[in-house]
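> 3D model of this:
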Amino acid sequence: MSGHSKFANIKHKKEKNDAAKGKVFTMLGREIQVAVKAGGSDPASNGKLRDIIAKCKSNNMPNDTIDRSIKKAAGNEEGVEYETIRYEGYGPAGVAIIVEALTDNRNRAAANVRNAFTKGGGNMGTSGCVSFMFDEKGLIVIDREEVEMDEEELMMAALDAGAEDLAAEEDSFEVTTSPDDFSAVREALEKAGIPMVSAEITMIPQTYTELKTDEDIKKMNKILDLLDEDDDVQNVFHNWDE
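Numbering: from 1, shown residues only. Next up, the predicted model:
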């Protein structure tokens, strides 16, 4: 991962999120609902819910809003059922793109995602067409300015907790884990008082694609902007070397 730090991108996304908290909180509320349905409303016995609560806090979601979302999910008064769907495809110059949606309308989600690809000069592919080019990992990002430990101490704490690796970037430390060990590592670092900018399961590209023309860059940004505006879209992963 060295040389391809995601910290700048994460900070950029967080700034955009802060300007549109309503949309972000709605997305997180959907994730809470799915987690509660699958494992119950008690974070103590629902590891997935604990992870999402940590994600909510990293996005500055107030505790009372989190609590209300959990109670609402437990009651599911509206009877809305969400499902997770993954779409895969290609952007300009063959950039690999994975889109994760959490939606109550499969047809709407598919049409909107397809429209984003088309308007940006890309095309949706079949399931699995690009996911083999990514590794699913837990990724915990720590701001260098906010952590008191030095790199060696942090490395030992992360490895002792079960992490696979720690990469030192210019602005951050990036801890990677297997998806199965992510929760345990995140909770261990949290208990150690280590502040985290973000902590989530992500898709890390094995290789990166460079866009060499202004037109291709414009098209790629068009795809990403349209997906960002879609309420059904939860996550977008790509191998564009920005």
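
> Next, the buried residues of the lengthiest helix in the chain.
Counting by DSSP state H, the longest helix found in the chain is helix 21-39. Neighbour-count burial for helix 21-39, counted by 16 or more other C-beta atoms under 10 Å, picks out 24-25, 27-36. (C-beta placed from N, C-alpha, C; glycine too.)

> Which one of these is nearest to C56?
L28 (5.1 Å; C-beta to C-beta).

> Grab the nearest non-local neighbour of P92.
The shortest distance from P92 to any non-neighbouring residue, by C-beta to C-beta, 6 or more residues apart in numbering, is to D216 (4.0 Å).

> and the one you found, how many neighbours?
By other C-beta atoms under 10 Å, the residues close to D216 number 19.

> in the host helix or strand of it, what counts as buried?
Counting by DSSP states H and E, the element that carries D216 is helix 214-229. Within helix 214-229, the residues scored as buried using 16+ other C-beta under 10 Å are 216, 219-220, 222-224, 226-227.

> ok, now stretch 130-139?
Neighbour counts over stretch 130-139 (16+ other C-beta under 10 Å) mark 130, 134, 137-139 as buried.

> Just say helix, strand or coil for L139.
The three-state label given to L139 by DSSP: H, G, I helix; E, B strand; the rest coil is strand.

> hang on, it packs against V175?
Yes: counting by C-beta atoms under 8 Å, V175 is a contact partner of L139 at 7.3 Å.

> so what's the residue nearest to P92 scoring on pLDDT?
pLDDT, D216: 96.

> can you map out the strands along this protein?
Secondary structure of the chain (DSSP state E): strands at 83-90, 96-103, 123-124, 134-143, 165-168, 172-177, 198-205, 233-238.

> Tell me which of the ones you listed is the most buried.
strand 172-177 (a mean of 24; mean count of other C-beta atoms under 10 Å).

> Just checking: what are the partner strands of it?
Next to strand 172-177 in the sheet, as set by DSSP bridges, lie strand 134-143 (antiparallel), strand 165-168 (antiparallel).

> that older thread, which of the strands of the chain sits closest to A54?
Using C-beta to C-beta, the nearest of the strands of the chain to A54 is strand 198-205, at 5.8 Å.

> Any idea how far the closest one is from the middle of the chain?
Chain-centre distance of strand 198-205: 6 Å, with C-alpha atoms, centre = their mean, to the nearest Å.

> Only alpha carbons, please: show that strand as CSV.
As requested, the backbone C-alpha atoms of strand 198-205 are provided in CSV (Å, rounded to 0.1, in the frame of the first residue of the first chain):
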residue,chain,number,x,y,z
SER,A,198,-11.7,5.7,10.0
ALA,A,199,-12.1,2.0,10.5
GLU,A,200,-14.0,-0.2,8.0
ILE,A,201,-13.9,-3.2,5.7
THR,A,202,-12.7,-2.0,2.3
MET,A,203,-11.5,-3.3,-1.0
ILE,A,204,-7.8,-2.5,-1.7
PRO,A,205,-6.6,-2.6,-5.3
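
> Show the average pLDDT along it.
Averaging pLDDT along strand 198-205 gives 91.

> what's the angle from it to strand 96-103?
Relative orientation of strand 198-205 versus strand 96-103 (axes from the mean of the first three to the mean of the last three C-alpha atoms, to 10 degrees): 140 degrees.

> one step back: ok, the buried residues of stretch 130-139 vs D171, which is closest?
D171 lies nearest to L139 out of the buried residues of stretch 130-139, by C-beta to C-beta, at 14.8 Å.

> residues in contact with the nearest residue to that closest one once chain neighbours are set aside?
Of all residues not flanking L139 in the chain, T202 sits nearest, at 4.7 Å (C-beta to C-beta, 6+ apart). Residues near T202 by C-beta atoms under 8 Å, 6 or more residues apart in numbering: 136-139, 235, 237.
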